[in-house]
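Enquirer: need a 3D model of the following:
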Amino acid sequence: MFNRAVSRLSRKRPPSDIHDSDGSSSSSHQSLKTTAKWATSLESLLEDPEGVKRFREFLKKEFSEENVLFWLACEDFKKLQDKKQMQEKAKEIYMTFLSNKASSQVNVEGQSRLNEKILEEPHPLMFQKLQDQIFSLMKYDSYSRFLKSDLFLKYKRTEEEEEDEPDAQTAAKRASRIYNT
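Expert: Numbers count the residues shown, from 1 in each chain. All right, here's what the predicted structure looks like:
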């Protein structure tokens, strides 16, 4: 029964293979432009490592980066199978985001109900309600401001300009075909 609940939840939530890759850049020459995909939903934005990176930049300027960091940490936590790793990660999430002394405390209702005793018997969905609160906060507050932000609009313009520029390598290939026939 528990596995069915996890399965059902994973279908409702964005995919759990979300990671923030600081080093890799994404291609803007896809069927749907990157920024257009991001603008469809917060879920689409969080599925793209470059989207997560840009959203984090925006949230950092708004002093609320801890929200997406907490959400990402919870996604990573749900993937863990080993009980010892789950205990360590649960404690890390609690100490970083939920305790009264947290360095990057998130603002969630009922965080006082989650105490350190629950960390001894962790389970994949132990942070789900809190993660859902943060997701809603981001979706209805930060995400809409992100789509109107200078950071997003500048990235969108850059993407459109790159799309408008003819690809020099493609032009060279066309010229080669013309002259070699």
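Enquirer: from here on, just use CA atoms for contacts and neighbour counts.
Expert: Fine.
Enquirer: can you tell me the SS state at the residue nearest to Glu65 when sequence neighbours are not counted?
Expert: Leaving aside its chain neighbours, Glu65 sits nearest to Leu59 (4.6 Å; criterion: Cα to Cα, 6 or more residues apart in numbering). Put simply, Leu59 is helix when judged by DSSP: H, G, I helix; E, B strand; the rest coil.
Enquirer: what's the burial count for Ala39?
Expert: By the measure other Cα atoms under 10 Å, the count of residues near Ala39 is 17.
Enquirer: give me the distance between it and Leu46.
Expert: Going from Ala39 to Leu46 by Cα to Cα, to the nearest Å gives 11 Å.
Enquirer: so where's this structure uncertain?
Expert: Filtered on pLDDT under 70, the chain yields the residue ranges 1-32, 110-113, 115, 166-181.
Enquirer: rerun at 80
Expert: 1-32, 110-117, 163-181 (pLDDT under 80).
Enquirer: how far off centre is stretch 45-52?
Expert: 5 Å (Cα atoms, centre = their mean, to the nearest Å).
Enquirer: which residue sits closest to the one residue sitting closest to the centre of the chain in space, ignoring its chain neighbours?
Expert: Nearest residue to the geometric centre of the chain (Cα atoms, centre = their mean): Leu46, 3.3 Å. What sits nearest to Leu46 in space, not counting adjacent residues and going by Cα to Cα, 6+ apart, is Val52, at 5.4 Å.
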